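Asks: Fold the following and give me the result.
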Amino acid sequence: MDLWSFKTSYHHGIEKGIPRYFRFLASWPVVPTIVISVLMISFIFSYTIMSNFSLKTAALNMKEESEGFWRQKSERKMKLVLPVFPLHSTQEEVDNVNQSSLIPPVNVSRVERIEWFKSKLPEFEIFRSDNLTERFHGRVLEFLNHKCEVQFFMTWIAPAKSFQRKEMLAVESVFKAHPDGCLVILSRSMDTEIGYRKLKPLLHRGFRVLTVAPDLSFLFKNTSVEAWFDEMKKGKKDPGKIPLAQNLSNLIRLAVLYKYGGIYIDTDFIVLKSFKGLKNSIGAQSMDMMSENWKTLNNAVLVFDMNHPLLFKFIEEFALNFNGNKWGYNGPYLVSRVVKRVEGIPGYNFTILPPMAFYPVDWENIGELFKRQKSPVESGDVEDTQLQPSEKSYGVHLWNKRSSRLAVEEGSVMERLMLNHCVICQGICSS
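Replies: Numbering: from 1, shown residues only. Predicted coordinates for the structure are as follows:
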């Protein structure tokens with residue numbers, strides 16, 4: 001087959017694309033056939049490569065456009081399919097707030113501190129009301145409607161990244177003792193994707209834990225603290241020298257139990273045995289050894305029915321005598337003051353449990369639990385004289401202010417408690 005036959009049989013579109021000077025050369029009898037053949041083959045080869053390149057480029061563009069379309073469609077679809085415990089990643093900016101900037105300045109007058117507080121109000125995420133907080137009550141009711149054996153509450157006002165091993169141990173210990181229990185963590189920072197990821201291992205194992213941004217206006221509505229909160233939210237009250245988050249935590253625990261009833265525990269409390277059967281109880285932190293009467297109570301653990309009159313009195317005392325300048329004044333000392341006034345009055349019906357129930361180790365000796373015991377005898381002594389968790393203690397308060405920086409040493413009582421009362425246990429015992 002000669003060159004011209006090939007040319008005739010090739011696609012007509014290709015033939016039209018051959019430049020005129022090639023056709024001129026082909027008609028010139030002096031030029032050898034071999035030269036023309038080489039030139040024609042070179043042109044056809046080049047044309048084919050350029051055509052393939054154009055087709056591949058077009059195909060890649062179409063693929064990218066198609067992938068972009070399906071990626072956008074997939075993203076839209078993902079936004080519609082939320083897990084049972086929503087991921088509110090838009091709230092994660094709370095973790096970027098410089099928490100030290102929310103600590104009241106020292107050596108300033110009351111008026112100057114109020115002015116500082118007004119200027120910082122936008123940074124107090126806990127005051128914010130939005131679509132997330134508006135769903136608070138509905139989400140809590142729906143969650144607690146799952147026939148919980150017992151219902152626990154915690155509060156967490158710090159950033160979610162600060163919710164670490166000891167806090168996770170407290171959460172896990174709840175479910176170790178109450179596999180069919182429910183736990184609600186009132187926290188805006190934990191009601192995020194970060195919070196969800198931290199609790200995901202528990203959720204995937206079927207344990208019922210909910211992180212939810214609290215609606216404080218709802219919680220305090222129709223209580224004696226409602227007016228106090230409105231004025232504080234507007235920057236008209238002195239928050240005091242103590243970080244406001246600490247005092248709000250003292251108040252939120254009272255309000256949430258008053259609204260829903262149940263058990264409140266601090267995030268530095270390890271549950272050792274079931275709370276089922278406990279009713280309307282508060283624990284003594286210290287006792288008078290001579291009279292065997294309680295000296296001080298604590299609010300790290302509270303067990304009360306909904307609308308209990310003692311809770312009402314606690315909230316009332318908070319509103320009437322709030323003092324943000326004294327540590328513990330609106331917390332342990334508040335419940336101690338109120339109980340002292342109402343103890344023995346008919347209609348209140350509550351029980352004061354001895355220190356061994358919730359506070360078997362006092363704050364001065366908590367460090368001993370973290371130390372390696374030198375001998376079995378010493379280890380036994382510590383457990384017998386300070387802890388005794390087997391029958392008398394419902395849990396152990398770790399007094400986080402004293403123990404937060406302590407390492408859990410190998411062979412310590414604390415190590416054994418962690419291993420015995422965790423559920424997942426991954427990373428829990430890393431010091």
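
Asks: Excluding chain neighbours, give the residue nearest to residue 314 in space.
Replies: Counting by CB to CB, 6 or more residues apart in numbering, residue 314 lies nearest to residue 254, which is 4.9 Å off, once chain neighbours are set aside. Just so you know, the C-beta spots here come from the backbone N, C-alpha and C atoms, and that holds for glycine as well.

Asks: helices and strands around the strand ranked longest in the chain, which ones?
Replies: Longest strand of the chain, by residue count under DSSP state E: strand 294-304. On a contact count with 3 or more CB pairs under 8 Å, 6 or more residues apart in numbering; DSSP states H and E, strand 294-304 meets helix 244-260, strand 262-265, strand 281-287, helix 332-342, helix 355-358, strand 395-397.

Asks: where are the low-confidence patches of the stretch 1-150 of the chain?
Replies: Applying pLDDT under 70 to the stretch 1-150 of the chain flags the ranges 1-101.

Asks: Show me the strands in this protein, by range?
Replies: Remark: strands assigned in the chain by DSSP E are 151-155, 182-186, 208-212, 262-265, 269-271, 281-287, 294-304, 351-353, 395-397.

Asks: Make CSV out of those strands and add mean neighbour count, mean pLDDT and distance to residue 126.
Replies: Shown next, in CSV, are these (neighbours: other CB atoms under 10 Å; pLDDT from 0 to 100; distance: least, CB to CB, whole Å):
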stretch, mean neighbour count, mean pLDDT, distance to residue 126
strand 151-155, 23, 98, 10
strand 182-186, 25, 98, 10
strand 208-212, 23, 98, 13
strand 262-265, 24, 98, 17
strand 269-271, 25, 97, 22
strand 281-287, 19, 96, 25
strand 294-304, 22, 97, 19
strand 351-353, 15, 97, 31
strand 395-397, 25, 95, 24
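
Asks: Would you format those strands as TSV with distance to residue 122 included?
Replies: Compiled in TSV, these are given as follows (distance: least, CB to CB, whole Å):
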stretch	distance to residue 122
strand 151-155	22
strand 182-186	21
strand 208-212	22
strand 262-265	29
strand 269-271	33
strand 281-287	37
strand 294-304	30
strand 351-353	42
strand 395-397	35
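
Asks: about what we covered before: wait, doesn't the residue nearest to residue 314 sit right on residue 310?
Replies: No. Using CB atoms under 8 Å, residue 254 is not in contact with residue 310; the gap is 9.7 Å.

Asks: Please identify which of the two sits among more neighbours.
Replies: Using other CB atoms under 10 Å as the criterion, residue 254 and residue 310 rank with residue 254 on top: 30 against 23.

Asks: Spatially central residue in the protein, please.
Replies: Nearest to the geometric centre of the chain sits residue 190, at 2.2 Å (CA atoms, centre = their mean).

Asks: so how far is residue 319 from it?
Replies: Per CB to CB, to the nearest Å, residue 190 is found 27 Å from residue 319.

Asks: Could you do residue 129 as well?
Replies: 20 Å.

Asks: Same check on residue 131?
Replies: Distance, residue 131 to residue 319, by CB to CB: 28 Å.

Asks: So which of the two has more stuff around it?
Replies: For the pair residue 131 and residue 319, the greater number of neighbours falls to residue 319 (16 against 8), based on other CB under 10 Å.

Asks: so that one makes contact with residue 224?
Replies: Yes. Counting by CB under 8 Å, residue 319 sits close enough to residue 224 to count as a contact (4.5 Å).

Asks: just for the stretch 251-400 of the chain, where's the confidence low?
Replies: Of all residues in the stretch 251-400 of the chain, those with pLDDT under 70 make up the ranges 375-390.

Asks: hmm, 80 instead?
Replies: 373-391 (pLDDT under 80).

Asks: Around residue 228, count how many other residues there are.
Replies: Residue 228: 18 surrounding residues under other CB under 10 Å.

Asks: Now do the contacts for the residue nearest to the residue nearest to the centre of the chain when sequence neighbours are not counted.
Replies: In this structure, residue 190 finds its nearest non-sequential neighbour in residue 211, 4.1 Å apart by CB to CB, 6+ apart. Going by CB atoms under 8 Å, 6 or more residues apart in numbering, residue 211 touches 85, 185, 187, 190-191, 195-196, 199.

Asks: measure residue 211 to residue 202 for me?
Replies: Per CB to CB, residue 211 is found 11 Å from residue 202.

Asks: ok, now how distant is residue 142 from residue 210?
Replies: Using CB to CB, residue 142 is found at 9 Å from residue 210.

Asks: thinking residue 423 is in contact with residue 204, fair?
Replies: No. Between residue 423 and residue 204 there is no contact under CB under 8 Å: 11.7 Å.

Asks: Give me the more crowded residue out of these two.
Replies: Neighbour totals were compared for residue 423 and residue 204, and residue 423 leads with 20 against 9 (other CB under 10 Å).

Asks: ok, and the closest non-adjacent residue to residue 393?
Replies: Sequence neighbours aside, residue 360 is the residue nearest to residue 393 in space, at 4.7 Å (criterion: CB to CB, 6+ apart).

Asks: Now the phi/psi pair for the one you found, please.
Replies: Backbone geometry at residue 360, expressed as degrees, to the nearest 10, gives phi -70, psi -20.

Asks: Touching, it and residue 399? I think so.
Replies: No. Counting by CB under 8 Å, residue 360 sits too far from residue 399 to count as a contact (11.7 Å).

Asks: The two: which is more packed in?
Replies: Between residue 360 and residue 399, residue 360 has the larger neighbour count (other CB under 10 Å), namely 23 against 20.

Asks: neighbours around residue 206, how many?
Replies: Neighbours of residue 206 using other CB under 10 Å come to 9.

Asks: Can you check the pLDDT for it?
Replies: Turning to residue 206, the model gives it a pLDDT of 95.

Asks: any idea how far residue 197 is from it?
Replies: 18 Å.

Asks: hmm, back to that, among the strands of the chain, which is nearest residue 176?
Replies: Proximity of the strands of the chain to residue 176 was assessed by CB to CB; the nearest stretch is strand 269-271, lying at 7.0 Å.

Asks: what sits against residue 326?
Replies: Residue 326 touches 240, 242, 333, counting by CB under 8 Å, 6+ apart.

Asks: Which one of the residues you listed is nearest to residue 119?
Replies: So of those, ranked by how close each gets to residue 119 (CB to CB), first place is residue 240, at 16.4 Å.

Asks: close enough to count as contact, that closest one and residue 248?
Replies: No. Using CB under 8 Å as the test, residue 240 is too far from residue 248 to be in contact (11.7 Å).
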